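Q: quick one: sequence plus predicted model below, questions after.
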Amino acid sequence: MISTAKYWVLLVLFLALVLSYSIYNQTFTSENQTFHSQVVDLNDGYGYQIMRGEKIVILQEYIPGFPGKQKFATKAQALKTANLVISKLEEGKSPILLPTDLAELNIAIATRR
């Protein structure tokens with residue numbers, strides 16, 4: 001009788017431990033699944049990086065979808081574009097931006113004088 005009680009106590013403790021670990025792991029994982037952006041100052045323009053937790057997922061130093069290596073002229077342009085990429089990622093879509101996406105954000109190639 002005593003050995004059966006010990007068995008049940010150990011089983012309950014084990015299940016409580018497993019449940020606690022599952023809850024902790026789920027909370028930790030969901031925090032790391034959140035995407036956020038950061039504007040990168042590149043001296044002669046701006047870029048952005050998309051991060052998940054502390055890990056850089058995308059580092060974009062140039063305007064995507066434009067020929068050549070054009071940097072964003074303003075922090076606002078880089079941030080708007082990064083936010084669009086994040087919304088695509090959160091919807092489970094490809095983060096690739098098309099020229100039409102950039103046109104909707106009013107991102108254009110800077111003209112040189």
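A: Structure's in. What do you need?
Q: going forward, measure contacts and count neighbours with C-alpha atoms only.
A: OK.
Q: okay, which residue is most central for the protein?
A: Geometric centre of the chain, nearest residue: Phe35, 2.5 Å, by Cα atoms, centre = their mean.
Q: so what touches stretch 86-102?
A: Residues from elsewhere that reach stretch 86-102 (Cα atoms under 8 Å, 6 or more residues apart in numbering): Phe35, His36, Ser37, Ile50, Pro64, Gly65, Phe66, Thr81, Val85, Ala108.
Q: name the residues of it that are buried.
A: Ile86, Pro95, Leu97, Leu102 (16 or more other Cα atoms under 10 Å).
Q: can you put those residues in a markdown table and add distance to Phe72?
A: Compiled in a markdown table, the buried residues of stretch 86-102 are given as follows (distance: Cα to Cα, whole Å):
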| residue | distance to Phe72 |
| --- | --- |
| Ile86 | 17 |
| Pro95 | 18 |
| Leu97 | 14 |
| Leu102 | 11 |
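Q: which one of these is nearest to Asp44?
A: Leu102 (20.3 Å; Cα to Cα).
Q: local confidence estimate at Pro67?
A: As predicted, Pro67 sits at a pLDDT of 81.
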